[in-house]
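*Asks:* Predicted model and sequence below, questions to follow.
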Amino acid sequence: NAGVMQNPRHLVRRRGQEARLRCSPVKGHSHVYWYRQLPEEGLKFMVYLQKENIIDESGMPKERFSAEFPKEGPSILRIQQVVRGDSAAYFCASSPSSMIGGNTEAFFGQGTRLTVV
Amino acid sequence: QQQVKQSPQSLIVQKGGISIINCAYENTAFDYFPWYQQFPGKGPALLIAIRPDVSEKKEGRFTISFNKSAKQFSLHIMDSQPGDSATYFCAASKGNYQLIWGAGTKLIIKP
């Protein structure tokens, strides 16, 4: 009964490269959320996806960042042309149904720590 | 208006003591107030949550106190244990998924 699996756990990229972060939700969960955490800060919402759909991307920068959750396979957060300011921990969470207005709990993965050098 | 302010930034408590962490919010539309516990290298895990229609919720040694008029809520950990040493985050939202997080409190329980 695996929880939310994120990989890689640590990722080092040079400025200008692309970073791909993967998130496999809890089996049976069709709702995925991505958060970013800077050192000594709380998590900041980035994007909420359902299978094949982006429900809310209001927290995600308009440029260089994109997210998908295909019908098959993990959710991917993609950061193009990374800059030093992208260095952070990126957490994925999943839930079995929409959390909007309800009592559904989201379960978090262990995060991917991205370092841009 | 979207901020959640958490204090203290760090806290040291003797084993068996009471740990108290406070949060304040501005947006009166918030209707969900969870607390998360995060151990080093791990993702946050939901500890306990409250909605504004109650003033207190208790689960084991963990209690949330909620003051709607003051727009404040707090986490109390009774009989604190070394295993409680972690970073604790308060959060708030209207609906559940766009959580606005506090900056976190690093709690150390001394044996």
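*Replies:* The structure has been received and is ready for your questions.

*Asks:* Show me what from chain B comes close to chain A.
*Replies:* Counting by CB under 8 Å from any CB of the partner chain, the residues of chain B lying close to chain A are B:4, B:6, B:41-46, B:89, B:91, B:95-104. C-betas here are computed from N, CA, C, even on glycine.

*Asks:* What sits closest to the residue of chain B found nearest chain A if chain neighbours are left out?
*Replies:* Proximity to chain A, evaluated over chain B using CB to the nearest CB, is greatest for B:W101 at 2.8 Å. Spatial nearest neighbour of B:W101, chain neighbours left out: A:G42 (2.8 Å); criterion: CB to CB, 6 or more residues apart in numbering or on different chains.

*Asks:* tally of neighbours for that neighbour?
*Replies:* Close neighbours of A:G42, defined as other CB atoms under 10 Å in any protein chain shown, add up to 22.

*Asks:* list the contacts for it?
*Replies:* Counting by CB atoms under 8 Å, 6 or more residues apart in numbering or on different chains, A:G42 touches B:4, B:6, B:89, B:91, B:101-104.

*Asks:* How many neighbouring residues does the residue of chain B closest to chain A have?
*Replies:* For B:W101, using other CB under 10 Å, the count is 24.

*Asks:* Could you report the pLDDT at residue 111?
*Replies:* Picking chain A for this. Listed pLDDT for A:G111 reads 94.

*Asks:* try chain B instead
*Replies:* For B:P111, pLDDT reads 91.

*Asks:* Kindly report the same for A:A93.
*Replies:* For A:A93, pLDDT reads 92.

*Asks:* what helix or strand is it on?
*Replies:* Element membership of A:A93 [criterion: DSSP states H and E] is strand A:88-95.

*Asks:* Give me the buried subset of the residues of chain B next to chain A.
*Replies:* If you count burial by 16 or more other CB atoms under 10 Å in any protein chain shown, the buried members of the residues of chain B next to chain A come out as B:4, B:6, B:43-44, B:89, B:91, B:96-104.

*Asks:* Those in strands, which ones?
*Replies:* Taking DSSP state E as the definition of strands, those contribute B:4, B:6, B:89, B:91, B:100-101.

*Asks:* Let me have these in TSV, adding pLDDT as columns.
*Replies:* Converted to TSV, these look like this (pLDDT from 0 to 100):
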residue	pLDDT
B:V4	93
B:Q6	96
B:F89	94
B:A91	92
B:I100	88
B:W101	90
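
*Asks:* any chance of these in JSON lines, plus distance to A:T112?
*Replies:* Converted to JSON lines, those look like this (distance: CB to CB, whole Å):
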{"residue": "B:V4", "distance to A:T112": "25"}
{"residue": "B:Q6", "distance to A:T112": "24"}
{"residue": "B:F89", "distance to A:T112": "19"}
{"residue": "B:A91", "distance to A:T112": "21"}
{"residue": "B:I100", "distance to A:T112": "22"}
{"residue": "B:W101", "distance to A:T112": "18"}
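
*Asks:* Excluding chain neighbours, what is closest to the residue most central in space within chain A?
*Replies:* Most central in chain A under CA atoms, centre = their mean is A:W34, positioned 3.2 Å from the mean C-alpha point. Excluding the flanking residues, the one nearest A:W34 by CB to CB, 6+ apart is A:M46, at 4.4 Å.
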